[in-house]
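Undergrad: Sequence unavailable; structure follows:
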């Protein structure tokens, strides 16, 4: 029997992809939003493709707002974009 691959939906483009190919965006218990490169931190997670376009789409279509049921300030998106660059550089 083949092992089931966990799929997640990107909050930017809406595509279903393998969980390992995506980046997890995390909402902590203190309502902080950050990128979770390990995918193991505690909190509510939403997944996004490893492309800057999907992050921008998620910003435009309020994908993260829907996932976390809260409004997200523009500054948070800017921080996510900076974090995105450091993860992509790895």
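TA: Ah, there it is. As the structure is a prediction and not an experimental result, all values here were calculated from the model.
Undergrad: Determine which residue lies closest to the centroid of this protein.
TA: Closest residue to the average C-alpha location of the chain: residue 25 at 3.3 Å, with C-alpha atoms, centre = their mean.
Undergrad: Verify the stated contact: it with residue 46.
TA: Yes: here residue 25 reaches residue 46: they are 4.9 Å apart, a contact under C-beta atoms under 8 Å. (Glycine included, C-beta is placed from N, CA and C.)
Undergrad: Is residue 66 in contact with residue 9, as I believe?
TA: No: counting by C-beta under 8 Å, residue 66 stays clear of residue 9, with 11.4 Å between them.
Undergrad: Give me the more crowded residue out of these two.
TA: Counted by other C-beta atoms under 10 Å, residue 66 and residue 9 do not tie: residue 9 has more neighbours, with 16 against 12.
Undergrad: Show me what the helix ranked longest in the chain is packed against.
TA: In the chain, with assignment by DSSP state H, the single longest helix is helix 74-89. Secondary-structure packing of helix 74-89 (3 or more C-beta pairs under 8 Å, 6 or more residues apart in numbering; DSSP states H and E): strand 22-27, strand 33-36, helix 52-60.
Undergrad: hey, which of these is tucked in deepest?
TA: Comparing the helices and strands packed on helix 74-89 by mean neighbour count (mean count of other C-beta atoms under 10 Å), strand 22-27 ranks first with a mean of 22.
Undergrad: The helix or strand bottoming out on mean pLDDT in the chain to strand 22-27, inter-axis angle?
TA: Ranked by mean pLDDT, DSSP states H and E, the weakest helix or strand in the chain is helix 74-89, scoring a mean of 80. Following axes from the mean of the first three to the mean of the last three C-alpha atoms, to 10 degrees, one obtains 150 degrees for the angle between helix 74-89 and strand 22-27.
Undergrad: Give me the buried positions along helix 74-89.
TA: Buried residues in helix 74-89, defined by neighbour count with 16 or more other C-beta atoms under 10 Å: 76-77, 80, 83-84.
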